[in-house]
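Enquirer: got a predicted model here, sequence first, then my questions.
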Amino acid sequence: MSETDVLVVGAGPTGLMLACELALRGVRCRVAEQRSEQPNITRAFAVHARTLEVLDARGLADELLARGHPVQEVQPAPGAVVDLRTLDSRFPLILMAPQSATEHVLEDRARALGVEFARGVRVIGLRQDTDRVLVDVSSGRTEEAAFVVGCDGAHSTVRRLLGVDFVGSQYETHIMLADVRLDRPPSETLFAAAGPEGVVLVIPFGDGWFRAIAWDRRRDRVPLDVPLPAEEMRDSVTRIAGTDFGMGEQRWSSRFLSERRQARRYRVGRAFLAGDAAHVHSPLGGQGMNTGIQDAMNLGWKLAAVVRDGAGAWLLDSYEAERHPVGAQVLALTDGFNRLVLGRSAVGRAARRMAIRTLLRVGPARRELVGRLTGIGLAYPRRRGEHPWTGRRMPDLACADGRVNELLRDGRFLLVDRTGAGTAARSVADASTAVRTVRCGGPAPQRFPAVLLVRPDGYVAWAAEDGEDVAAAAVSATARWCGRRVGAAGSDAGRGAPV
Ligand SMILES: Cc1cc2nc3c(=O)[nH]c(=O)nc-3n(C[C@H](O)[C@H](O)[C@H](O)COP(=O)(O)OP(=O)(O)OC[C@H]3O[C@@H](n4cnc5c(N)ncnc54)[C@H](O)[C@@H]3O)c2cc1C
């Protein structure tokens, strides 16, 4: 029997990000992964702005940027251009980087932080009581942990063992994927062609290999176990894109079945689901890995706060309360893209394309779509009476000691004090080591609060305008969010706080 604080099942992007978050805060964490040597299949390429921001808040974005290629315009439909250059972010782009590169960056960080990996180990059983979870693995051992998180992908064993429904349906269309060499590669980083015959995407790995992805109406029902030879891929790409780009050697190919499903619950007692184990969608829009990484960002600091800092258990419930609606929104968005591009009826497709072109001409609608596509527009719910900035993404303001996303890199809460006197920052610094405090006098958005408590995942936990009581209110908010390490509020500080 081995024992740890948190057992993470699955070393895909979600499990790796979660392991990094836990280890950063000193939580003992083991990752059980069924693959021993072989790499995870690269499916994702698109890394969106919000994911780059959260990676920046851990000092990982620049490394990933160096491994990919930026794209600043996308076309969800012919004539409907989404220009990302005006995005209010340090990353006004979609980064095209193979999933293997993202995993590499995350695994290196996890190892540097001391995460233990158990590879070649498949989870096969799970039971829990009020104090612990016991997980049986294929080697015959049992892992004991205070919490377990199933980051074990679309066919999650953890989800099945917990008896959680995966509600939804399959898309009818099978996707064709192949890694190929091209003699005449497209000039665009992300090549996309859509027509009556289907859709083709071509994306570079950056090492001379390209990923070709095809939704071919003539072949979308070919059974998944039928091999996909190079000639078939070449034929599909040529018919849909009008060229085969000089397609030569093919090193790998597969047919994929796309689904739209969401776990009914993300938490059962001491067990959680994250990433594809919790939600799967159409690959159009490139949302799956991005959503999984952000699930991990949301859950990681909460588990750490409970395990290490004695934060109230309510914090763990807030994971499902915040992330389940986000998963549902992502499902709706990607389903919309799927209908737009792959819908069976040509008339329906044309009508939807017309609608999106019109939508993109209207400022608020365009901002809403871009916010959802990039993750920049995401906000968590706030309670009545809370400051309007509560739950919103914290802008990457320049403060005295650096940018907000640099100041968050040690994984602690950040108290940003923009008042002239700075009493909130001083009072919180005296009360707690769980919070970093900073004075910040530079430019900010209009109607921006005077004092903000920023969560480790970069969302505003609490905000207030300047006033007589602001320092005491900041200490009290810090105590509520950060647990017993905050002197002012005692060991049960988190209990009964909002979800
Ligand atoms: C064609 C295609 C293109 C895509 N493009 C994009 C894109 O551009 N952008 C994007 O964001 N997303 C994209 N996605 C989705 C993205 O690939 C997934 O959402 C992402 O891989 C999910 O990561 P994960 O870590 O949750 O799960 P996975 O990557 O599936 O990892 C799960 C891990 O768990 C392990 N495991 C499974 N069962 C067990 C067990 N019982 N015990 C131990 N280990 C286990 C597996 O071996 C695996 O390593 C695409 C998907 C497809 C199919």
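Expert: Happy to help now that I have it. Numbers count the residues shown, from 1 in each chain.

Enquirer: so for the longest helix along the chain, what gets flagged as buried?
Expert: Identified as the longest helix of the chain according to DSSP state H is helix 314-342. By neighbour count on 16 or more other CB atoms under 10 Å, the buried set for helix 314-342 is 314-316, 318-320, 322-324, 326-327, 330-331, 333-342. (C-beta placed from N, C-alpha, C; glycine too.)

Enquirer: shouldn't residue 224 be in contact with residue 258?
Expert: No. Using CB atoms under 8 Å, residue 224 is not in contact with residue 258; the gap is 11.1 Å.

Enquirer: find residues that contact each of those two.
Expert: The contact sets of residue 224 and residue 258 overlap at residue 174 (CB atoms under 8 Å, 6 or more residues apart in numbering).

Enquirer: of these two, which one has the most company?
Expert: residue 258 (19 against 11; other CB atoms under 10 Å).

Enquirer: check contacts around that one.
Expert: So residue 258 contacts 170-171, 173-175, 280-283, 338 (CB under 8 Å, 6+ apart).

Enquirer: ok, these vs the ligand, which is closest?
Expert: Closest approach between the contacts of residue 258 and the ligand, by CB to the nearest ligand atom: residue 283, at 3.4 Å.

Enquirer: the closest one - nearest residue in space that isn't next to it in sequence?
Expert: Using CB to CB, 6 or more residues apart in numbering and skipping the chain neighbours, the partner closest in space to residue 283 is residue 258 (6.3 Å).

Enquirer: where does that neighbour land in three-state SS?
Expert: strand (DSSP: H, G, I helix; E, B strand; the rest coil).

Enquirer: mind checking how far it is from residue 282?
Expert: 5 Å (CB to CB, to the nearest Å).

Enquirer: the lowest-mean-pLDDT helix or strand in the chain: what's the following helix or strand?
Expert: Lowest by mean pLDDT, DSSP states H and E among the helices and strands of the chain is helix 346-361, with a mean of 70. As assigned by DSSP states H and E, the chain's next helix or strand after helix 346-361 is helix 363-374.

Enquirer: list the buried residues in the helix or strand hosting residue 110.
Expert: In the assignment (DSSP H and E), residue 110 maps to helix 99-112. Along helix 99-112, these residues count as buried under the neighbour rule (16+ other CB under 10 Å): 99, 101-107, 109-110.

Enquirer: now render these as JSON lines, adding pLDDT and distance to the ligand.
Expert: Below are these laid out as JSON lines (pLDDT from 0 to 100; distance: CB to the nearest ligand atom, whole Å):
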{"residue": "99", "pLDDT": "95", "distance to the ligand": "6"}
{"residue": "101", "pLDDT": "94", "distance to the ligand": "12"}
{"residue": "102", "pLDDT": "96", "distance to the ligand": "9"}
{"residue": "103", "pLDDT": "96", "distance to the ligand": "8"}
{"residue": "104", "pLDDT": "96", "distance to the ligand": "13"}
{"residue": "105", "pLDDT": "97", "distance to the ligand": "14"}
{"residue": "106", "pLDDT": "97", "distance to the ligand": "10"}
{"residue": "107", "pLDDT": "96", "distance to the ligand": "11"}
{"residue": "109", "pLDDT": "98", "distance to the ligand": "15"}
{"residue": "110", "pLDDT": "97", "distance to the ligand": "13"}
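
Enquirer: ok, of those, which one's closest to residue 51?
Expert: residue 102 (8.7 Å; CB to CB).

Enquirer: just to revisit the earlier point, any quick PyMOL command for the buried ones out of the contacts of residue 258?
Expert: Per 16+ other CB under 10 Å, the buried members of the contacts of residue 258 correspond to this PyMOL selection:
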select buried, resi 171+173+174+175+280+281+282+283+338
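
Enquirer: pick out the most distant pair among the contacts of residue 258.
Expert: Greatest spatial distance in the contacts of residue 258: 174 and 281, 15.8 Å, computed using CB to CB.

Enquirer: filter the buried residues of helix 314-342 down to the ones near the ligand?
Expert: Near the ligand, taking CB under 6 Å from any ligand atom as the test, no member of the buried residues of helix 314-342 is found.

Enquirer: if we can go back for a sec, can you redo the buried residues of helix 99-112 as TSV with distance to residue 375?
Expert: Formatted as TSV, those follow (distance: CB to CB, whole Å):
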residue	distance to residue 375
99	17
101	19
102	15
103	19
104	22
105	18
106	17
107	23
109	21
110	22
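
Enquirer: show me which of those is closest to residue 17.
Expert: residue 106 (5.7 Å).

Enquirer: tell me the contacts of the residue nearest to that closest one when sequence neighbours are not counted?
Expert: Counting by CB to CB, 6+ apart, residue 106 lies nearest to residue 16, which is 3.7 Å off, once chain neighbours are set aside. By CB under 8 Å, 6+ apart, the contact set of residue 16 is 31, 103, 106-107, 110.
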